[in-house]
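K.L.:
missing the sequence, but the structure's below:
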């Protein structure tokens, strides 16, 4: 089984994915965004570096997922803190219409090269709560993030995962109002209930 946790920057994807993987005794697959040297340049000058950054993430994510699933043992349960389709959501928010049109032409065939998740969990989180969480975790690279940028990403992500119906699998939407151990436990409980139902189907 392949489960992806998705949401905005600072929504708690990695924390939830790790906790869920532990409860399910699954393999945790984190996104390797730290290796992308274009991201700091994008945060400093998003107009200049938007397209190369988004395109590099597209290639990096495809490569990471492709390599992982070639090597992983059959019947392994995997919980990832990213969904490949986030590429098109971030690109939609950050690119010009012309660049986005070009980007989508490459996204679609690459999407077909990797497994479709059995379940995508989308974390619906307010931008004010995101800002608090980002400030709390204190990553240097995220210090320049502005609320209006997170709001723009939220619109793109919400539209894709909550409205458009373009995700070709089951999507569980979890609304996050605060971050604490109870929130984490409740999220895991809801996801596991869905997983148990899916196991009977798959």
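P.N.:
Thanks, I have it. The model shown is predicted, which means the values in this text are computed figures rather than measured ones.
K.L.:
mind checking the longest helix of the protein?
P.N.:
helix 46-71 (DSSP state H).
K.L.:
what lines up beside the helix or strand just after that one in the sheet?
P.N.:
For helix 46-71, the succeeding helix or strand toward the C-terminus, using DSSP states H and E, is strand 78-80. With DSSP bridges as the test, strand 78-80 is paired with strand 2-7 (parallel), strand 27-29 (parallel).
K.L.:
ok, residues contacting stretch 103-115?
P.N.:
2, 51, 54-55, 58-59, 62, 65-66, 69, 84-85, 87-88, 91, 95 (CB atoms under 8 Å, 6 or more residues apart in numbering). Backbone N, C-alpha and C define where each C-beta goes, glycine included.
K.L.:
among those residues, which one lies nearest to residue 194?
P.N.:
residue 2 (13.5 Å; CB to CB).
K.L.:
got the phi and psi for the nearest residue to that closest one once chain neighbours are set aside?
P.N.:
Sequence neighbours aside, residue 117 is the residue nearest to residue 2 in space, at 4.7 Å (criterion: CB to CB, 6 or more residues apart in numbering). Dihedral angles of residue 117 (phi, psi; degrees, to the nearest 10) stand at phi -60, psi 150.
K.L.:
report the separation between residue 117 and residue 156.
P.N.:
Here the distance between residue 117 and residue 156 works out to 19 Å (CB to CB, to the nearest Å).
K.L.:
neighbour count: these two, which is higher?
P.N.:
residue 117 (24 against 18; other CB atoms under 10 Å).
K.L.:
so the more buried one sits against residue 4, correct?
P.N.:
Yes - Residue 117 is in contact with residue 4 according to CB atoms under 8 Å; the separation is 4.5 Å.
K.L.:
who touches both of the two?
P.N.:
80, 83.
K.L.:
for the residue nearest to residue 52 when sequence neighbours are not counted, give me its contacts.
P.N.:
Nearest residue to residue 52, sequence neighbours excluded (CB to CB, 6+ apart): residue 38, at 5.7 Å. Listed by CB under 8 Å, 6+ apart, the contact set of residue 38 reads 49, 52, 53, 56.
K.L.:
list the buried ones in stretch 148-162?
P.N.:
Residues 149, 150, 152, 153, 154, 156, 157, 158, 160, 161 are the ones in stretch 148-162 that count as buried (16 or more other CB atoms under 10 Å).
K.L.:
no further queries at this time; thank you.
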